[in-house]
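K.L.:
Pasting the sequence and the predicted coordinates here, then a few questions.
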Amino acid sequence: MSMPRQLSVLAVFALFSACALALDVNQATEAQLDSVKGLGPSSTERILQARSNGPFKDWADLMTRVKGIKASTATKLSAEGLTVNGAPYSNKGTTP
C-alpha cells in the first residue's frame with residue numbers, strides 16, 4: 001500500500017474513533033454515563049435527575065442544574081468525550 005493511501009486509511013480510522021468516543025449527556029444511558037471517566041454513580045444520578053426535568057440546552061445549563069459540575073470538571077468530562085447537544089465544552093463565555 002502506498003504511503004498516501006496508508007495515511008488516508010489512518011485518517012479515516014482516527015475520525016471514526018473520535019466519533020465513537022462522543023457521548024451526548026441528553027441521550028446517554030445510566031451505564032454509558034457511568035463509563036465516563038470522572039463520573040461516578042452519584043454524579044450520574046444527579047445528571048439523570050436533572051435531565052428528567054428536560055434536556056440540557058448547553059454546558060452552562062448542565063453546570064447550573066447539576067451540583068458538582070464546574071468548569072474544571074466540564075473540561076475533563078468533555079476531554080473524555082462527553083458532549084451536550086453534540087458540543088464539547090468550551091469555557092469561552094461560560095461562567096456558572
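P.N.:
In hand now; what should we look at? Fair warning: this is a prediction, and the values are worked out from it, not measured in the lab.

K.L.:
My read is that N85 contacts W59, right?
P.N.:
No: counting by C-beta atoms under 8 Å, N85 sits too far from W59 to count as a contact (9.1 Å). Any C-beta I mention is one placed from the backbone N, CA and C, and that applies to glycine too.

K.L.:
Between those two, tell me which one has more neighbours.
P.N.:
Neighbour comparison, N85 and W59: the larger count goes to W59, with 26 against 15 (by other C-beta atoms under 10 Å).

K.L.:
where along this protein do the helices fall?
P.N.:
Secondary structure of the chain (DSSP state H): helices at 3-21, 30-34, 41-51, 59-65, 71-79.

K.L.:
Going by mean pLDDT, which of these comes out lowest?
P.N.:
Comparing mean pLDDT across these, the lowest value falls on helix 3-21: a mean of 52.

K.L.:
which residues touch A50?
P.N.:
Counting by C-beta atoms under 8 Å, 6 or more residues apart in numbering, A50 touches 56, 62, 65-66.

K.L.:
For the closest residue to R51 other than its chain neighbours, grab the count of nearby residues.
P.N.:
Residue nearest to R51 in three dimensions, not counting chain neighbours: N26, with 6.6 Å by C-beta to C-beta, 6 or more residues apart in numbering. Other residues lying near N26 total 15 when counted by other C-beta under 10 Å.

K.L.:
Same check on V66?
P.N.:
Here the count is done by other C-beta under 10 Å, and V66 has 21 residues near it.

K.L.:
got the contact list for it?
P.N.:
Applying C-beta under 8 Å, 6+ apart, the residues near V66 are 43, 46-47, 50.
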